[in-house]
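In: predicted model follows, preceded by the sequence.
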Amino acid sequence: MTARIIDGKAHAAALRAQLKVDASELVGRGVRPGLAVVIVGDDPASRTYVRNKVRACEEAGVVSKIHEFPVDAPEAAVMTRVRELNLAPDIDAVLVQLPLPPHIDEARVLAAVASEKDVDGFSVSNAGALLTGAPQFVPCTPAGIMYLLEKENIRIAGRHAVVIGRSNIVGKPMALLLLQKDATVTICHSRTPDLAIHTCMADILIAAVGRMNFVGAAMVKPGACVVDVGTNRGPDGKLRGDVDFNAVMDVAGSITPVPGGVGPMTVAMLVANTLHAAGQRKQESK
Ligand code: GUN
């Protein structure tokens, strides 16, 4: 079997074209959507992600500004900026790029983002809303994966989904979204023994491990849909996934590549969430 390649780049481009239309409609009604991105330190990967996010938002018609802090910036300075952005009337969306340097309490900073501007969906109230089934903002990577599964007609209800990874950014919200669509969900992580026993039962396998080529062909059920969330750098500096793509291609039914799979969808979903936030502003100011 040779897996069908799920072209996340093409799906994201189509979605972004639609979002551009939606944004111009908002502008026509007097709302210019605004995004603020807070980044602390100079991690090259984070800087690239932020640049891609801002570029995508600008292309869609969202005014975007990066708020940069040096790696040794005190937590209080970052908190103060987040609180200012919460109050800024022209800013609909506030995103704090992760990871933050170790001296900054990530949970405390994320909790400071106003829930109605929390387009990452990382605040306790948005995470709770997702848990209880009435999400406001869904974290962008899992939201993008759900979009891909739907567009690719991957059946979810009644099927077994296995998520490798339990982060607040991907693993946990991903599991909740699949559960909401009536999958039977298993969450595996670094302390799961005999991982392959679980992954081999997956009709849908989500790999969010952070280790290059971690998922090999022997870990995949024939015909499964394999979604690769990995963003690892190979020895050549190139972006690589968590899945051994060439080997798994022969076993899976469908597979997302890296690059060009989940990554572009994460960015498109940020644009979508930002427009959603701006749309709420319009409703409130009527
Ligand atoms: N770091 C890695 N992924 C993400 C993301 O989706 N949002 C933010 N804010 N930081 C990240």
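Out: Yep, it's here.

In: all helices of the stretch 101-250 of the chain, in order?
Out: Secondary structure of the stretch 101-250 of the chain by DSSP state H, counting those that start in this stretch: the helices cover 106-112, 124-131, 140-151, 171-180, 195-199, 245-249.

In: could I get those as TSV with distance to the ligand, mean neighbour count and mean pLDDT?
Out: Heads up, the C-betas are built off the backbone N, CA and C, glycines and all. Shown next, in TSV, are these (distance: least, C-beta to the nearest ligand atom, whole Å; neighbours: other C-beta atoms under 10 Å; pLDDT from 0 to 100):
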stretch	distance to the ligand	mean neighbour count	mean pLDDT
helix 106-112	9	16	97
helix 124-131	13	17	96
helix 140-151	5	23	98
helix 171-180	10	22	98
helix 195-199	23	17	98
helix 245-249	21	18	98
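
In: which one of those helices lies closest to residue 20?
Out: helix 140-151 (16.7 Å; C-beta to C-beta).

In: about what we covered before: any chance of CSV for the helices of the stretch 101-250 of the chain, columns distance to residue 213?
Out: Output for the helices of the stretch 101-250 of the chain, formatted as CSV (distance: least, C-beta to C-beta, whole Å):
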stretch, distance to residue 213
helix 106-112, 28
helix 124-131, 31
helix 140-151, 20
helix 171-180, 19
helix 195-199, 14
helix 245-249, 8
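
In: out of these, flag the one nearest residue 268.
Out: helix 140-151 (6.5 Å).

In: what angle do the closest one and helix 171-180 make?
Out: Angle, helix 140-151 to helix 171-180, by axes from the mean of the first three to the mean of the last three C-alpha atoms, to 10 degrees: 30 degrees.

In: and stretch 219-229, how far out from the chain's middle?
Out: In terms of C-alpha atoms, centre = their mean, to the nearest Å, the centre of stretch 219-229 is found 19 Å from the chain centre.

In: ok, it near the ligand or not?
Out: No: against the ligand, stretch 219-229 shows no contacts by C-beta under 6 Å from any ligand atom, the least distance being 9.6 Å.

In: what comes up buried for that stretch?
Out: 219-221, 224-229 (16 or more other C-beta atoms under 10 Å).

In: can I get those residues in JSON lines with pLDDT?
Out: Shown next, in JSON lines, are those (pLDDT from 0 to 100):
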{"residue": "219", "pLDDT": "98"}
{"residue": "220", "pLDDT": "98"}
{"residue": "221", "pLDDT": "98"}
{"residue": "224", "pLDDT": "98"}
{"residue": "225", "pLDDT": "99"}
{"residue": "226", "pLDDT": "99"}
{"residue": "227", "pLDDT": "99"}
{"residue": "228", "pLDDT": "98"}
{"residue": "229", "pLDDT": "98"}
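
In: and which of these is nearest to the ligand?
Out: Ranked by distance to the ligand (C-beta to the nearest ligand atom), the buried residues of stretch 219-229 are led by residue 229 at 9.6 Å.

In: residues in this structure within reach of the ligand, list them.
Out: 95-98, 120, 140-141, 169, 266.

In: lowest-confidence helix or strand of the chain?
Out: Lowest mean confidence among the helices and strands of the chain (mean pLDDT, DSSP states H and E): helix 262-285, at a mean of 90.

In: what does stretch 235-250 rub up against?
Out: The contact list for stretch 235-250 (C-beta atoms under 8 Å, 6 or more residues apart in numbering) reads 1-3, 164, 207-217, 220, 226, 228-234, 255, 257-259, 261, 263.

In: an error on my part: the question was meant for stretch 162-179.
Out: Contacts for stretch 162-179 (C-beta under 8 Å, 6+ apart): 98, 121-122, 127, 130-131, 138-139, 141-143, 145-146, 156, 161, 185-189, 195, 198-199, 201-202, 204-210, 214-215, 229, 242.

In: got it, and stretch 97-115?
Out: 37-41, 43, 46, 49-50, 71-73, 75, 78-79, 82-83, 86, 94, 96, 120, 122-126, 136, 169.
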